[in-house]
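Asker: return atomic coordinates for the entry below.
(2 chains)
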Amino acid sequence: MISALQTSVAGVDPGVALVGLTAFAVVLFVIGVPILLVFSTWAIGFSLFFPVFSLRNMALVSYYQLWTFPLTAVPLFILVGALVNQLRIARDIVEMSRAVAGWLPGSSANTALVTAGVFSAITGSNAATTASVGEAFTDELNEEGYDPVFSAATIAAGGTLGIIIPPSVLFILYGVTFNLSVTDLFVAGILPGILMLGGLIATATVISYRQDYGTTEYSFSFSAIFRSMFRARNSLLAIVLLLGGIFTGLFTPSESASIAILFVVTAEFLSGHIDDLDFVTEAVQLTVYLVGIIIPVLITSIMIQQGLSFLSLQDAVSNAILTLDAPILVGAALLVVMLLSGSILASIPNMILTAPLLAPVAFALGISPLMWGVIFMISDAIGFITPPYGLNLYIMSSITDIDYIRIARAALPYFFVLTSILVLFFAFPELNVLAAG
Amino acid sequence: MASTLRRYVRTALDPERLRETRIGRFERNAELYLGGTLLVVYGLVIGFSVIQRTLTGEQALWAQESAIGMFVWVAWLSVAYVIRNEDHLRFTMVLSGLSNTGRYLVYWIEWLCWIVFAGVVFVYSLPVFGTFLSRGATITGTGIPDAVTYLAVTVGVGLVLFRVVEQMLWVTHAFRRGVDITYDADEVVGE
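Answerer: Down below sits the predicted model:
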């Protein structure tokens, strides 16, 4: 039946077929067919029109793409984050963040941002960070008189830290897909992550000061910070285990995540914070659920990527951009394409499809493969707060019932700050001294 | 006999009713039970191998490949589980404005895409599984055939097909009864 189908489409002009297939995929996407099915339909159509990849390839990619040890870290990192959310640790993190940033103008907004930074270092995910911080802070920010739209935008922007501050689930997927060391990517994400957090805090502080948001009931105190850090010791130790083990080379990312899970459960049990095992069930359920969303998008994106590689689209795109000649124009074009693709595509397909398309141009500009991964991830993170596909905007919209376009508009100051950081690392990649080694 | 059969059919077509039966809970969460267990086990296997390496300087040969194999199972079981929850990632701006009929039409397009995709992978996974079996290789350090790890793809997409057919029956049944099936991110049709 399949060979009959291939025979019947054999006479179709490949160019026309490709345009038709892509247009059909766009229609599927727009009407709301799940993204993985949009991709799989394109990949199957491609196999029919260009029989260079047999359909058997799909059965092989579905297995061999997953058959790699670093990828086993993805569910484990999600599980660590889910466990932390279920346990009392999450509250301790909020209290610690308040002691660190609550004294600034816009106390709770900045507390939410610092919390997002700490959650990022545990969950490694944008969406998980946004949802957790959104649930924890929305009511509180409203009670303190913040404009609800500003609050939602602040939390959505804080969520972008999730894929930059290590450990990052997307860095793992990037490293596995493009053959880069996940540990090197994690290390290279530290400085941009800290700078992004600093930029977001500065923005929130200025806006809150001008609009007179927040409360002045908290003051800066070293002893309060140390006390709160001691109370949050289990989460801080979990982060030390997660990152320390990876950075010192003692553990692989999967091993670090596994040890962190054992540590969190044991420490909370010994602290008397665990009464039953319901929290494990809920955390495992959330993990299975998120893995079921992430993995098929990854697999089908790779199926498309194989097709695009065969068409040498990578060369076509890079040659087109390089014809601009002047490095500044080439760089500007690259940034525009990155930001556009980040706002249109979901993060995983954007990473798998767009990053390799633009990589030759970036390399021609003297950016190393490692730093290109980090720069691309920053643009991918910015895509989480830009419509039409700003996932963090959707999450905050569903939590607050505010129209997501209004949240996107309120997030514009954060967008500009994050874009400035992107441009900074793009223009001066050597600034990221941790990526050099 | 006929009335018993009718009762079974009615129950099978209504997820609310099905949930109240003895198999209801299992039907709802089958992939979660198996996938969740494998996730915890492979997490423990990795943790065990780290502790063993730290204490003895040696590492179990079987740990790494076993963990990857279980991960492949978790991944494919999870895909089916998410279909049961109607939560695969999608663009919802147009979808959320569609009428009942419009949504039903999109459901059909979606089901066809699922059947084509999962069908292709399922059909082509069978000979690949056969190749794994005939090769006779085992997971390093164990006597378990590595075909067991590939079986995750075949069983996983098989479950995907099952969940899609199940959804077809439920949504169609609900649509014909005039139940609201328009898009709601937090709801599963029929529940």
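Asker: what does the stretch 301-437 of chain A put close to chain B?
Answerer: With the criterion set to CB under 8 Å from any CB of the partner chain, the stretch 301-437 of chain A comes near chain B through A:346, A:388-389, A:394, A:398. Just so you know, the C-beta spots here come from the backbone N, C-alpha and C atoms, and that holds for glycine as well.
Asker: nearest to B:Y124, of those?
Answerer: A:A346 (26.3 Å; CB to CB).
Asker: thinking again about what came up before, can you say which of the residues of the stretch 301-437 of chain A next to chain B are buried?
Answerer: A:346, A:389, A:394 (16 or more other CB atoms under 10 Å in any protein chain shown).
Asker: tell me the SS of the second one?
Answerer: Pointing back at A:Y389 there. The three-state label for A:Y389, taken from DSSP: H, G, I helix; E, B strand; the rest coil, comes out as coil.
Asker: do I have it right that it meets B:F91?
Answerer: Yes - A:Y389 lies in contact with B:F91 (CB atoms under 8 Å); the separation is 6.9 Å.
Asker: thinking again about what came up before, with pLDDT added, can I get the residues of the stretch 301-437 of chain A next to chain B in a markdown table?
Answerer: Shown next, in a markdown table, are these (pLDDT from 0 to 100):
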| residue | pLDDT |
| --- | --- |
| A:A346 | 79 |
| A:P388 | 77 |
| A:Y389 | 75 |
| A:Y394 | 81 |
| A:S398 | 77 |
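Asker: coming back round to it: with respect to A:V100, which of the buried ones among the residues of the stretch 301-437 of chain A next to chain B is nearest?
Answerer: Closest approach between those and A:V100, by CB to CB: A:Y394, at 28.9 Å.
Asker: show me the contacts for the closest one.
Answerer: A:Y394 makes contact with A:404, B:92, according to CB atoms under 8 Å, 6 or more residues apart in numbering or on different chains.
Asker: give me the secondary structure label for it.
Answerer: helix.
Asker: and the residue most central in space within chain B, what element?
Answerer: Among the residues of chain B, the one closest to the centroid is B:A80, at 2.0 Å (CA atoms, centre = their mean). Counting by DSSP states H and E, the element that carries B:A80 is helix B:61-84.
Asker: off-centre distance for that helix?
Answerer: Relative to its parent chain, helix B:61-84 has a centroid offset of 11 Å by CA atoms, centre = their mean, to the nearest Å.
Asker: and the angle for whichever helix or strand B:L44 is part of with helix B:61-84?
Answerer: Using DSSP H and E, B:L44 sits in helix B:24-56. Angle, helix B:24-56 to helix B:61-84, by axes from the mean of the first three to the mean of the last three CA atoms, to 10 degrees: 150 degrees.
Asker: go through helix B:24-56 and flag the buried ones.
Answerer: B:28-36, B:38-40, B:42-43, B:45-47, B:49-50, B:53.
Asker: give the next helix or strand downstream of the least confident helix or strand in chain A by mean pLDDT.
Answerer: Ranking every helix and strand in chain A by mean pLDDT, DSSP states H and E puts helix A:2-9 at the bottom, with a mean of 69. Counting by DSSP H and E, the element after helix A:2-9 in chain order, helix or strand, is helix A:14-31.
Asker: who touches that next one?
Answerer: A:9, A:35, A:37-39, A:41-42, A:45-46, A:49-50, A:311, B:91, B:94-95, B:106, B:109, B:113.
Asker: got the buried residues for it?
Answerer: A:17-18, A:21, A:25, A:28-29, A:31.
Asker: quick one: the nearest residue to B:F162 once chain neighbours are set aside from A:I295, how far?
Answerer: Leaving aside its sequence neighbours, B:F162 sits nearest to B:A80 (CB to CB, 6 or more residues apart in numbering or on different chains; 7.4 Å). According to CB to CB, to the nearest Å, B:A80 and A:I295 sit 12 Å apart.
Asker: on that earlier part again, wait, doesn't the residue nearest to the centre of chain B sit right on B:V160?
Answerer: Yes - using CB under 8 Å, B:A80 is in contact with B:V160, at 4.9 Å.
Asker: state the number of residues packed around the closest residue to B:G69 other than its chain neighbours.
Answerer: Excluding the flanking residues, the one nearest B:G69 by CB to CB, 6+ apart is B:T149, at 3.6 Å. B:T149 has 22 neighbours, counted by other CB atoms under 10 Å in any protein chain shown.
Asker: so which elements touch the helix or strand where B:T149 lies?
Answerer: B:T149 belongs to helix B:147-176 when elements are defined using DSSP H and E. Secondary-structure packing of helix B:147-176 (3 or more CB pairs under 8 Å, 6 or more residues apart in numbering or on different chains; DSSP states H and E): helix A:56-64, helix B:2-13, helix B:61-84, helix B:100-135.
Asker: residues in contact with the residue of the stretch 151-300 of chain A found nearest chain B?
Answerer: The minimum distance from the stretch 151-300 of chain A to chain B, using CB to the nearest CB, falls at A:G292 (3.1 Å). For A:G292, the contacting residues are B:75, B:77-82, B:88, by CB under 8 Å, 6+ apart.
Asker: which of those residues tops the neighbour count?
Answerer: Counting by other CB under 10 Å, top hit in those: B:A75 with 31 neighbours.
Asker: isn't that one up against B:A152?
Answerer: Yes - using CB under 8 Å, B:A75 is in contact with B:A152, at 7.5 Å.
Asker: circling back: and the residue of the stretch 151-300 of chain A closest to chain B, how far from B:L18?
Answerer: For A:G292 relative to B:L18 (CB to CB), the value is 21 Å.
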